[in-house]
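Novice: Fold the stuff below for me.
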Amino acid sequence: MKKSIILSAFLLGAITAYGQTVADGLLYGQQGSYGTARYRGMSGAFGALGGDLTAIGNNPAGSVIFANHYASGSLQYTGNQTDSQFNGTLSEDNDHDLTLNQIGVVLVYKNRNENAAVTKFSFGLNYNDTRNYDDKLSIAGTNNISISEYFLENANGIELSNFQLLPDESVSGLYQFLGENEGFGVQQGFLGYQSFVIDAVDNSDDLNTAYISNTGNGSFEQQLKQNSSGYQSKLSFNGAIDIKNRLSLGLNVNAHYINYQRFSSFAEQNDNGALVDAVRFDNSLDVQGSGISLQAGAILKVTDALRLGASYESPTWYEMEETILQTVVARRADGSNGTITEVIDPRVLNVFAPYNLRTPGSVTGSLAYVFGKSGLISVDYSSRDYSSMKFKPTNDAFFAANNDQINQELTTAGTLRIGGEYRVKNWSLRAGYRSEESPYKDKNLMDDLTGYSLGLGYTWGQTTLDLSYDRSERDYSNQLFDTGLTSRAAVNNIQNNIVATIGFNF
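Specialist: Numbering: from 1, shown residues only. Just a heads-up that it's a prediction; the model follows:
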């Protein structure tokens with residue numbers, strides 16, 4: 001099998017990988033609301049407090065604040081409502097999920113030597129789901145740009161001989177060959193040509209590099225349905241010390257894991273008399289990633305009531321692996337008032353070369369005031385520079401273009417968290433608020449996130465039971481495809497979470 005190809009220098013870089021985008025990097029680089037019910041009930045404002053297992057992932061010094069050994073587990077219900085508006089048409093989707101989102105333990109040891117500088121030390125191990133990817137998105141409306149533009153963008157510049165089957169070739173065989181030797185972009189042009197969505201300007205010329213649409217002009221009824229699932233998790237190995245009952249210092253080594261699946265089905269119809277009047281394009285993406293980060297933190301007890309906290313989390317260094325399955329179905333006229341349905345289903349799993357992703361680190365400053373045994377109020381402010389996010393290898397032309405886009409479009413974003421707790425005998429009442437700035441300079445691409453929370457806790461003997469409710473809302477823009485059909489829909493996402501945590505002192 002011999003195939004030739006003509007590409008510009010830019011496309012030579014682009015075909016080396018699947019279309020990992022800046023939006024993908026943000027998907028893996030942003031954390032959602034997570035943790036125990038007590039932590040969630042106060043919107044995560046725990047940087048100067050500690051004494052909670054999820055708070056260890058905020059400030060590692062917090063583990064030594066525990067008075068004794070402690071273990072907890074949390075169950076979370078998540079409800080997502082996602083509304084979209086596309087060229088005047090509104091769509092709504094809902095998704096519900098139940099997960100075991102947190103489990104951990106901390107061991108606290110007191111120094112019996114009262115004159116020692118280190119009065120306590122602790123070791124902790126805590127697992128959190130830091131993001132739940134379960135969600136559904138529907139986008140529907142009328143557009144004047146066809147899906148054929150996506151296939152044309154990937155086909156133009158490619159010699160026709162790469163898209164035509166030889167007598168001994170199958171669709172699956174050639175699709176696989178193009179993926180292994182020429183790249184993902186050329187595969188997309190092949191799918192468009194074989195399904196008749198696009199055609200060569202001159203089908204008799206093997207060296208033809210120009211293509212035209214078979215879906216015609218005018219208006220197109222389009223619908224995108226996208227189902228996402230999976231999670232992002234963080235396992236923290238913690239150690240901390242307390243010095244003279246005034247200063248706590250802690251360190252975390254964090255192991256991160258990403259398990260993400262997304263099935264998207266795009267459908268288009270037209271009645272403009274074109275050769276092809278209906279197209280469906282399905283993509284099943286699977287992403288697996290593992291990474292590592294470090295954290296260091298301190299909590300200073302200025303007085304018995306006033307506490308200050310500071311922490312730093314390094315960037316997370318991920319190694320990512322992706323696979324994708326694709327199918328195109330197109331209906332065309334047969335020339336005698338009938339139709340033919342072309343099903344291009346290679347049934348070939350594209351396995352892309354692993355790549356590295358560095359997501360940004362953060363710095364956090366915290367302030368808390370404790371009103372004896374009756375309650376407390378706490379404030380955290382974190383800053384994260386999203387322009388430092390980076391795809392590697394950086395000498396890859398496609399990743400270099402992504403990194404340039406990151407520098408141009410992303411910025412430093414701050415997160416404000418405010419939480420309070422009021423105690424009445426064995427009961428605790430909690431509330432919180434958080435605001436996360438957009439990582440984009442242009443907030444039309446993604447707006448700020450706002451959220452609030454409520455919580456309730458009860459303690460009996462050595463056992464604690466906590467419940468929380470939190471709600472967050474964010475607007476963003478969703479682009480249909482990376483190239484060609486780049487129309488955007490306005491999306492509003494509202495997430496509601498209910499968390500129950502049971503804890504044991506021992």
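Novice: residues making contact with stretch 207-214?
Specialist: 6, 146, 148-149, 151-152, 155-161, 189, 192-193, 196-202, 274-276, 332 (CB atoms under 8 Å, 6 or more residues apart in numbering). C-beta here means a position set from N, CA and C on the backbone, and glycine is covered the same way.
Novice: if you set the cut-off to 7 Å instead, what comes out?
Specialist: Outside stretch 207-214, the residues within contact range by CB atoms under 7 Å, 6 or more residues apart in numbering are 6, 146, 148, 152, 155-160, 196-202, 274-276.
Novice: just the buried members of those?
Specialist: The neighbour-count criterion (16 or more other CB atoms under 10 Å) marks 146, 148, 152, 155, 157-160, 196-200, 274-276 among those as buried.
Novice: Closest to Asn181 out of the residues you listed?
Specialist: Using CB to CB, Ile158 comes nearest to Asn181 of those, at 12.5 Å.
Novice: Any figure for the gap between the closest one and Ala333?
Specialist: Here Ile158 is placed at a distance of 26 Å from Ala333 (CB to CB, to the nearest Å).
Novice: Any chance you could list what contacts stretch 296-311?
Specialist: 47-50, 58-62, 65, 246-251, 295, 312, 364-370.
Novice: let's see it at 8 Å
Specialist: Residues contacting stretch 296-311 (CB under 8 Å, 6+ apart): 47-50, 58-62, 65, 245-252, 295, 312, 363-372, 380.
Novice: In a strand, Ile158, correct?
Specialist: No: under DSSP: H, G, I helix; E, B strand; the rest coil, Ile158 sits outside any strand and is assigned coil.
Novice: What helix or strand is the closest residue to Ile158 other than its chain neighbours located in?
Specialist: With sequence-adjacent residues excluded and distances taken as CB to CB, 6 or more residues apart in numbering, Ile158 is closest to Gly189, at 5.3 Å. In this structure, Gly189 sits in helix 184-194 according to DSSP states H and E.
Novice: In terms of secondary structure, what does that helix contact?
Specialist: Applying 3 or more CB pairs under 8 Å, 6 or more residues apart in numbering; DSSP states H and E, one finds that helix 184-194 contacts helix 148-155, helix 171-181, strand 198-200, strand 211-213, strand 316-333, strand 339-344.
Novice: and it, average pLDDT?
Specialist: Mean pLDDT, helix 184-194: 97.
Novice: Distance of the nearest residue to Leu357 once chain neighbours are set aside relative to Ala413?
Specialist: Nearest residue to Leu357 in three dimensions, chain neighbours excluded: Tyr318, at 4.5 Å (CB to CB, 6+ apart). Look at Tyr318 and Ala413: by CB to CB, they are 19 Å apart.
Novice: could you list every residue that touches the residue nearest to Leu357?
Specialist: Taking CB under 8 Å, 6+ apart, we find Tyr318 in contact with 28, 256, 258, 289-291, 356-359.
Novice: 10 Å instead, please
Specialist: Going by CB atoms under 10 Å, 6 or more residues apart in numbering, Tyr318 touches 25, 28-29, 256-258, 289-293, 354-359, 392.
Novice: ditto for Leu465
Specialist: With CB under 10 Å, 6+ apart, Leu465 has these contacts: 37, 456-459, 500-503.
Novice: Strands of the stretch 251-400 of the chain, residue ranges please.
Specialist: Taking DSSP state E, counting those that start in this stretch as the criterion, the stretch 251-400 of the chain contains strands spanning 276-301, 306-313, 316-333, 339-344, 350-351, 355-359, 362-371, 375-385, 390-392.
Novice: Quick one: closest of the helices and strands packed on helix 184-194 to Lys136.
Specialist: Closest of the helices and strands packed on helix 184-194 to Lys136 is strand 316-333, at 19.4 Å (criterion: CB to CB).
Novice: Quick check: ChimeraX command selecting the buried ones in the contacts of stretch 296-311.
Specialist: Typed into ChimeraX, the line below selects the buried ones among those, using 16+ other CB under 10 Å:
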select :47,48,49,50,58,59,60,61,62,65,248,249,250,252,295,364,366,367,368,369,370,380
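Novice: okay, and the helix or strand of this structure with the least pLDDT?
Specialist: helix 9-14 (a mean of 30; mean pLDDT, DSSP states H and E).
Novice: Could you give me the buried positions within the helix or strand that it is followed by?
Specialist: Using DSSP H and E, the helix or strand that follows helix 9-14 in sequence is helix 22-29. Buried residues in helix 22-29, counted by 16+ other CB under 10 Å: 22, 24-29.
Novice: Show me what the mean pLDDT comes to for helix 22-29.
Specialist: 89.
Novice: That one versus strand 276-301: what angle between them?
Specialist: Interaxial angle, helix 22-29 versus strand 276-301 (axes from the mean of the first three to the mean of the last three CA atoms, to 10 degrees): 40 degrees.
Novice: Quick one: neighbours of Asn356, just the number.
Specialist: By other CB atoms under 10 Å, 16 other residues sit near Asn356.
Novice: ranges for the strands of the stretch 51-200 of the chain?
Specialist: Counting by DSSP E, counting those that start in this stretch, one finds strands in the stretch 51-200 of the chain at the ranges 70-86, 89-110, 118-132, 135-143, 198-200.
Novice: Tell me which of these sits nearest to Arg474.
Specialist: Across these, Arg474 has its closest neighbour in strand 70-86 (10.5 Å, CB to CB).
Novice: From Asn113, how far out is Asn350?
Specialist: Distance check for Asn350 against Asn113: by CB to CB, it reads 62 Å.
Novice: So between the two, which is more surrounded?
Specialist: Taking neighbours as other CB under 10 Å, Asn350 and Asn113 compare with Asn350 leading, 18 against 9.
Novice: For the residue lying closest to the more buried one once chain neighbours are set aside, name its beta-bridge partners.
Specialist: Excluding the flanking residues, the one nearest Asn350 by CB to CB, 6+ apart is Ile324, at 4.8 Å. When bridges are called by DSSP bridges, Ile324 pairs up with Leu285, Asn350.
Novice: How many residues are close by Ile324?
Specialist: Residues near Ile324, counting by other CB under 10 Å, number 20.
Novice: Strands of the stretch 401-506 of the chain, start to end?
Specialist: In the stretch 401-506 of the chain, the segments counted as strands under DSSP E, counting those that start in this stretch are 412-424, 427-436, 449-460, 463-479, 488-505.
Novice: Partner strands of the last one and their direction?
Specialist: Its sheet considered, strand 488-505 pairs with strand 70-86 (antiparallel), strand 463-479 (antiparallel) by DSSP bridges.
Novice: Dump those into JSON lines; add distance to Tyr433 and mean pLDDT as well.
Specialist: JSON lines is the format used below for these (distance: least, CB to CB, whole Å; pLDDT from 0 to 100):
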{"stretch": "strand 70-86", "distance to Tyr433": "20", "mean pLDDT": "97"}
{"stretch": "strand 463-479", "distance to Tyr433": "10", "mean pLDDT": "97"}
